[in-house]
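Participant: Build me a model:
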Amino acid sequence: MLWFLFASLTACFEALKDATGKQSLRTLDEYSVLLGFMTVGVAVLLPVVLIVGIPPIGPNYGYALLVGGSLNILSFTLYVRAIKLADLSLTVPLVTLTPLFLLVTSPLIVREWPTGFDAAGVVLLVMGSYVLNRRVGDRDFWAPLRAMVQNSGSRLMLCVAFLWSITSNFDKIGVQNSSPLFWAISLFAVIAAGMLPFVLRRGGLAQLWSQAKFLGLTGCFNAAGIGFQMLALPLAPVTQVIAVKRMSTLLSVLLGHFVFGETGLRERFLGAGIMVLGVVLMLSLIH
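Facilitator: Numbers count the residues shown, from 1 in each chain. You can find the predicted model right below:
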């Protein structure tokens with residue numbers, strides 16, 4: 001059950017990363033925020049990797065980094081953009097739908113197959129996303145679904161959920177061909193490098209100092225979260241690790257309400273809770 005502890009810590013740090021990252025987005029664009037906290041992540045993890053030692057590199061490491069890194073540049077950009085455009089409590093829970101897409105991508109990429117409990121969990125994930133977008137007084141059955149599609153932040157986060165169902169599998173390949181921490185720092189470096197041209201074209205690096213405090217915190221939280229995720233991936237199926245990680249959505253809903261004053265706490269917490277219940281059904285403990 002060590003993997004469950006690692007995945008749970010990932011969830012906690014993930015929620016804290018989102019909250020501090022949203023604070024930085026008040027004055028910075030998504031490219032600057034990503035460059036900032038990914039660079040901090042590299043700085044935090046690099047000494048650890050050097051102390052532990054660079055692991056033997058497997059034959060599929062380069063392939064996983066090329067594909068997974070490229071997709072992560074896109075997915076993280078969309079993720080931060082979604083948080084900037086819409087409420088934390090509305091957008092972040094939608095990434096809980098990643099296990100839904102993993103039921104398709106995991107068998108194709110890493111040959112991990114779903115069970116009956118996974119299918120039941122998916123039903124709850126869909127129900128939860130419906131409740132999440134429901135407003136008090138809505139009588140139109142399709143209104144929550146239209147709201148999900150019409151909200152630009154929600155649309156972007158749905159794309160992120162799909163992309164992460166792919167990158168999570170390449171994360172597992174990358175970890176198996178290096179080590180958890182080395183793979184994490186490799187991804188951070190690739191994403192930071194992908195953001196650098198955009199930041200330089202939009203005004204340079206000096207603007208990052210305006211949010212240095214929050215970017216530093218975001219980077220540390222991100223490094224810790226990804227580090228624990230990479231430690232969990234070799235110990236359990238990808239679907240289960242990512243499912244536990246998505247329990248961070250409940251914390252994000254609470255942080256969105258109490259820190260950023262976002263409304264609709266009851267509906268959003270209920271929706272996120274149903275989605276987390278779906279996640280729980282997909283855990284090996286219940287299987």
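Participant: drop to CA atoms for contacts and neighbour counts, all remaining ones
Facilitator: Noted.
Participant: low pLDDT regions in the stretch 151-287 of the chain?
Facilitator: For the stretch 151-287 of the chain, applying pLDDT under 70 flags the ranges 204, 239, 279-287.
Participant: now the helices: where do they sit in it?
Facilitator: 152-176, 180-201, 212-232, 238-245, 248-260, 265-281 (DSSP state H, counting those that start in this stretch).
Participant: so who does the residue nearest to residue 98 when sequence neighbours are not counted touch?
Facilitator: Once flanking residues are discounted, residue 98 sits nearest to residue 161: 4.6 Å by CA to CA, 6 or more residues apart in numbering. Going by CA atoms under 8 Å, 6 or more residues apart in numbering, residue 161 touches 94, 95, 96, 97, 98, 101.
Participant: Same question for residue 256.
Facilitator: Shown in contact with residue 256 (CA under 8 Å, 6+ apart): 19, 87, 88, 89, 262.
Participant: The same query, at a cut-off of 7 Å, please.
Facilitator: Contact analysis of residue 256 by CA atoms under 7 Å, 6 or more residues apart in numbering lists 88, 89, 262.
Participant: Ok, residue 229 next?
Facilitator: Counting by CA under 7 Å, 6+ apart, residue 229 has contacts 6, 7, 10.
Participant: can you do 10 Å?
Facilitator: For residue 229, the contacting residues are 3-11, 168, 171, 180-181, 184, 223, 241-242, 244-245, by CA atoms under 10 Å, 6 or more residues apart in numbering.
Participant: what number of residues lie near residue 263?
Facilitator: 15 (other CA atoms under 10 Å).
Participant: Find the nearest non-adjacent residue to it, please.
Facilitator: Nearest to residue 263 is residue 257, by CA to CA, 6+ apart, at 6.4 Å.
Participant: list the contacts for that neighbour?
Facilitator: Applying CA under 10 Å, 6+ apart, we find residue 257 in contact with 87, 88, 89, 251, 263, 264, 265, 268, 269.
Participant: Check residue 242 too.
Facilitator: Here residue 242 is in contact with 7-8, 10-11, 95-96, 98-99, 102, 164-165, 168, 229, 232-233, 236, 279 (CA under 10 Å, 6+ apart).
Participant: One more: residue 210?
Facilitator: Under the criterion of CA under 10 Å, 6+ apart, the neighbours of residue 210 are 24, 27, 28.
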